[in-house]
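**Q** give me coordinates for this.
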Amino acid sequence: MHETDSTVPPGGTAVAVPSANRDLQTETLIVLNVSPKKVRRWILALLLALVTPPAIYYYRHFHHIREGLVAYDLVSRGYGALALEWIDSSREDFVSNAEDCAMVLKVYELAFRLDRLHWAAEACKAAKVEISEVHQALGHVFSANGKWDQARAEFELGAFKFLNAEGFVKLSEFLFAHFSGEEATAVLITARGNMPDSEPIDYQLLKIYSRLKQYDKAAALGLSAKSLYRSKKFLDATLLIETALLKTGQKEALHQLATGKVSIDPVKTTAGPLARRNLFQDQRQPQTPTSRSDLGILKR
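**A** Coordinates of the predicted model:
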């Protein structure tokens, strides 16, 4: 039999190891010399090394999402300076993906910070984020600096490349302000062909027809566009439609609109303020559709 050695190292455990195998004995004693406390520390350090990086990532991710949402809420309520305090210090974190870029661009646009808007748009482009809002932002910046051709190119790219309804609305507003109303309406008519039944486009076209005093077209659009009766701006749209009907003398259509009998959409409609005013006047003093007093209600 082989001789055994029961030498115990400090802090270790006694183990009988064949004395014929001195190398194995030494290695075994070295391993057994590690106390359980040290083993627990190593395991804890390993777990921390594995868990800490993803924890930091998700914390920063959800933290800056919260910052962005708070900033957007503040700026939409008119607190632009306060919103910038929330988002400005960590703005570099908001230009890595499409969702964050769209949010930060909207905040800077609503806060009227053209310098920050320009920076954010260029940063999103550098990060290869391809969204309509980037081109809309650059269009705003170029327009504010009087670079009409560059602004128009960016607005058109943001609208036609992505078929974005908000992009078409902003392009039409730019064309109406700096070029002509005919070009603005032509763009929206083209957009309606590509995006039928779009509430923002139909409402914008109705507004431009009213601004151009093309009341016959506004009335026809108002009585045919279903999206206007599902719109968040239903009351504003109704007011424009009523104005167009009054200006064109379509009293019967106005009466149907006021009583909710217009067969346009299953959604129940309500009478607008001008329609109620017109009906009240009808009950007091009947008038013909062609009378000056009837058609002059809206004269300022």
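**Q** state the distance from Tyr229 to Gln136.
**A** Distance of Tyr229 to Gln136, computed by C-beta to C-beta, to the nearest Å: 27 Å. Yep, even glycine has a C-beta here, placed from its N, CA and C like the rest.
**Q** next helix or strand past the lengthiest helix in the chain?
**A** Longest helix in the chain by number of residues (criterion: DSSP state H): helix 36-76. Sequence-wise, the next helix or strand downstream of helix 36-76 (DSSP states H and E) is helix 80-87.
**Q** report all helices and strands that the helix or strand just after that next one contacts.
**A** Once helix 80-87 ends, the next helix or strand along the chain (criterion: DSSP H and E) is helix 98-110. Applying 3 or more C-beta pairs under 8 Å, 6 or more residues apart in numbering; DSSP states H and E, one finds that helix 98-110 contacts helix 36-76, helix 80-87, helix 114-126, helix 132-144.
**Q** buried set for helix 98-110?
**A** Judged by neighbour count using 16 or more other C-beta atoms under 10 Å, the buried positions of helix 98-110 are 100-110.
**Q** same thing with stretch 246-263?
**A** 246-251, 253-258, 262.
**Q** ok, these vs Leu171, which is closest?
**A** Lys247 (27.1 Å; C-beta to C-beta).
**Q** how near is the closest one to Glu199?
**A** 23 Å.
**Q** can you name the residues in contact with stretch 142-162?
**A** With contacts defined as C-beta atoms under 8 Å, 6 or more residues apart in numbering, stretch 142-162 is touched by 114, 131-136, 138-141, 164, 167-168, 170-171, 174-175, 178-179, 187, 191.
**Q** mind pulling the model confidence for Ser19?
**A** Model confidence at Ser19, given as pLDDT, is 51.
**Q** next secondary structure element downstream of the helix or strand that contains Ala237?
**A** In this assignment (DSSP H and E), Ala237 forms part of helix 234-247. Sequence order places helix 251-258 as the next helix or strand after helix 234-247, per DSSP H and E.
**Q** that next one packs against which elements?
**A** The contact analysis (3+ C-beta pairs under 8 Å, 6+ apart) places helix 251-258 against helix 234-247, helix 273-284.
**Q** which stretch in these has the least confidence?
**A** helix 273-284 (a mean of 41).
**Q** count of residues packed around Glu92?
**A** When neighbours are counted by other C-beta atoms under 10 Å, Glu92 registers 11.
**Q** which ones are touching it?
**A** Ala123.
**Q** for the remainder of this discussion, apply numbering that starts at 504.
**A** Happy to do that; since the first residue is 504 now, the last one works out to Glu595.
**Q** and His638, how far from Val672?
**A** As judged by C-beta to C-beta, His638 and Val672 stand 14 Å apart.
**Q** so for the two, which residue has more residues nearby?
**A** His638 (25 against 22).
**Q** where are the low-confidence patches of this structure?
**A** 504-537, 560-567, 763-803 (pLDDT under 70).
**Q** can I see the domain layout of it?
**A** The chain breaks down into these domains under automatic domain parsing: 546-633, 700-803.
**Q** okay if I get the ones you listed as JSON lines plus distance to Arg655?
**A** Conversion of these to JSON lines gives the following (distance: least, C-beta to C-beta, whole Å):
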{"stretch": "domain 546-633", "distance to Arg655": "16"}
{"stretch": "domain 700-803", "distance to Arg655": "17"}
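**Q** any idea which of the ones you listed gets closest to Glu686?
**A** Using C-beta to C-beta, those put domain 700-803 closest to Glu686, at 10.4 Å.
**Q** now do the contacts for the closest residue to Val632 other than its chain neighbours.
**A** In this structure, Val632 finds its nearest non-sequential neighbour in Cys604, 4.8 Å apart by C-beta to C-beta, 6 or more residues apart in numbering. Contacts for Cys604 (C-beta under 8 Å, 6+ apart) come out as 597-598, 623, 627, 630, 632, 634, 636-637.
**Q** now with 10 Å?
**A** Contact analysis of Cys604 by C-beta atoms under 10 Å, 6 or more residues apart in numbering lists 597-598, 623-624, 626-628, 630, 632-634, 636-637, 640.
**Q** equivalent analysis for Ala624, please.
**A** The contact partners of Ala624, by C-beta under 10 Å, 6+ apart, come to 598, 604, 607-608, 611-612, 632, 636-644, 657.
**Q** what do you get if the cut-off is 6 Å, keeping everything else the same?
**A** The contact partners of Ala624, taken as C-beta atoms under 6 Å, 6 or more residues apart in numbering, are 637, 640-641.
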